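Engineer: coordinates only, no sequence provided:
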């Protein structure tokens with residue numbers, strides 16, 4: 001099973017496609033004078049990303065010269081006035097003459113509702129900045145690794161390359177010839193191009209691949225869990241696009257000197273299921289003990305080593321994990337966290353096509369502590385409406401720039417909201433969706449800017465409530481920290 005953080009809100013099974021080009025010609029939408037009076041000021045900011053590498057942090061500005069940057073200022077009577085901005089190669093941008101009022105910062109296909117005059121759009125990423133994704137499939141890694149603990153159906157394997165920020169568990173999607181029960185040698189190939197976060201491996205640049213053997217166990221409390229029991233660290237090698245490499249060696253035992261346990265209040269997660277969507281069904285649940293560099297400072301970086309995990313049958317009852325004994329073969333400076341939550345499914349279907357399913361999660365990420373109680377830090381939004389109508393319904397005629405509104409979560413405190421806007425399409429008889437835009441706001445309503453909804457096409461959206469204490473979504477929207485919580489609300493479909 002893939003980590004919960006790999007299946008967060010709004011993922012459609014079989015999703016393909018990329019965001020479309022930025023809309024519009026830069027002409028104002030609507031008329032009249034902008035709200036907020038006559039005082040004008042400059043809006044400026046930076047997009048300088050921090051890459052966490054094993055040798056130290058590397059700051060790299062994004063080249064913003066081709067990014068569509070603008071301030072969309074709401075005007076009386078509806079609509080927006082667009083004020084074009086410009087970006088530079090050194091990761092800075094500015095927009096001149098923006099009224100002293102709330103506006104929507106358009107940054108490519110991302111929109112941020114803010115009144116700030118200075119914004120930090122940088123993000124923190126794990127891995128070296130010059131990493132490159134493979135473009136040719138297959139790009140194969142073949143393992144010939146001995147001294148494996150006898151393989152059982154309860155075991156699992158995972159690849160972790162921290163220098164690249166790359167990780168994935170072995171699944172049928174990219175692994176060939178999994179080990180047979182009782183096997184003590186691994187003879188297996190993976191199509192690295194089909195992993196969740198694949199990057200080409202370059203040993204000269206310090207990339208080291210770790211193969212993690214997660215061993216199935218049952219603790220004294222009778223709870224089945226997986227624990228990192230063995231590791232194989234490959235010798236330095238490089239893997240080019242479309243190439244194949246064979247890695248040989250032996251697993252080594254990981255000292256089992258760590259303990260983790262938690263009281264998992266699954267009933268509190270399940271109580272929020274109908275707020276995800278009235279028709280949402282519980283798909284999976286997981287409680288994972290994870291580690292990676294600098295989690296304490298920057299929060300979830302998206303690629304972790306799994307130290308221990310519980311993947312129970314999805315139920316609404318509370319669960320005691322019991323004591324999970326495991327190892328931690330990485331740097332003692334790496335923070336250990338738990339990622340816990342439930343994933344739900346909602347179906348969408350275009351006329352004449354098979355249904356597609358969207359995933360939405362309610363999750364909690366926090367520092368690992370023996371005996372911790374895990375509850376949702378924030379719940380989904382309540383009573384979402386689009387153009388004044390129930391947004392869980394399949395709606396038509398919502399208009400070109402409808403207002404999406406909701407009430408705050410009744411569980412926890414949301415520090416901001418992240419909206420994912422999708423357009424549905426038919427692909428070989430199946431319903432798919434492609435991401436159109438993302439919008440971030442600290443408010444409980446947002447008007448969709450012009451050009452996002454396409455007439456004659458079906459759309460949907462996901463609202464994710466975010467709990468990120470200490471992070472101001474209006475000035476530093478891409479930053480994270482610990483603890484972190486999120487909860488998805490999957491809306492119905494709608495057309496303009």
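Structural biologist: The structure has been received and is ready for your questions. Predicted, not measured: the structure shown is a model, and the values here were computed from it.

Engineer: got phi/psi on residue 129?
Structural biologist: Main-chain dihedrals, residue 129, degrees, to the nearest 10: phi -70, psi -20.

Engineer: hmm, I was thinking of residue 232
Structural biologist: phi -120, psi 120.

Engineer: in the protein, where is pLDDT below threshold?
Structural biologist: Within the chain, the segments meeting pLDDT under 70 span 1-38, 172-174.

Engineer: next one: the longest strand along it to chain centre, how far?
Structural biologist: Assignment by DSSP state E gives strand 335-348 as the longest strand of the chain. In this view, strand 335-348 has its centroid 10 Å away from the chain centroid, taken as CA atoms, centre = their mean, to the nearest Å.

Engineer: tally of neighbours for residue 319?
Structural biologist: 18 (other CB atoms under 10 Å). In this view, the C-beta of every residue, glycine as well, is placed from N, C-alpha and C.

Engineer: and the gap between the residue nearest to residue 320 when sequence neighbours are not counted and residue 164?
Structural biologist: Leaving aside its chain neighbours, residue 320 sits nearest to residue 263 (5.7 Å; criterion: CB to CB, 6 or more residues apart in numbering). Distance of residue 263 to residue 164, given as CB to CB, to the nearest Å: 35 Å.

Engineer: show me what contacts residue 102?
Structural biologist: 36, 74, 113, 114, 115 (CB atoms under 8 Å, 6 or more residues apart in numbering).

Engineer: go again with 6 Å.
Structural biologist: residue 115 (CB atoms under 6 Å, 6 or more residues apart in numbering).

Engineer: for residue 319, name its beta-bridge partners.
Structural biologist: Here residue 319 sits in beta bridges with residue 264, as judged by DSSP bridges.

Engineer: against residue 362, how distant is it?
Structural biologist: Residue 319 is 15 Å from residue 362, by CB to CB.

Engineer: one more: residue 157?
Structural biologist: 28 Å.

Engineer: looking at those two, which is more packed in?
Structural biologist: When residue 157 and residue 362 are compared on other CB under 10 Å, the one with more neighbours turns out to be residue 362, at 31 against 24.

Engineer: the more buried one contacts residue 341, doesn't it?
Structural biologist: Yes: using CB atoms under 6 Å, residue 362 is in contact with residue 341, at 5.4 Å.

Engineer: pull the contacting residues for residue 105.
Structural biologist: With CB under 6 Å, 6+ apart, residue 105 has these contacts: 112, 114.

Engineer: what about it, distance to residue 95?
Structural biologist: 8 Å.

Engineer: then residue 124?
Structural biologist: In terms of CB to CB, residue 124 sits 25 Å off from residue 95.

Engineer: then residue 379?
Structural biologist: Taking CB to CB, one finds residue 379 at 36 Å from residue 95.

Engineer: more crowded one of these two?
Structural biologist: Counted by other CB under 10 Å, residue 379 and residue 95 do not tie: residue 379 has more neighbours, with 25 against 22.

Engineer: list the contacts of that one.
Structural biologist: 272, 409, 411, 487.

Engineer: in which helix or strand does the last one reside?
Structural biologist: What that stands for is residue 487. strand 484-494 (DSSP states H and E).

Engineer: got the domain boundaries for the chain?
Structural biologist: Each domain of the chain is listed here as a residue range: 4-18+260-494, 40-108, 140-257, per automatic domain parsing.
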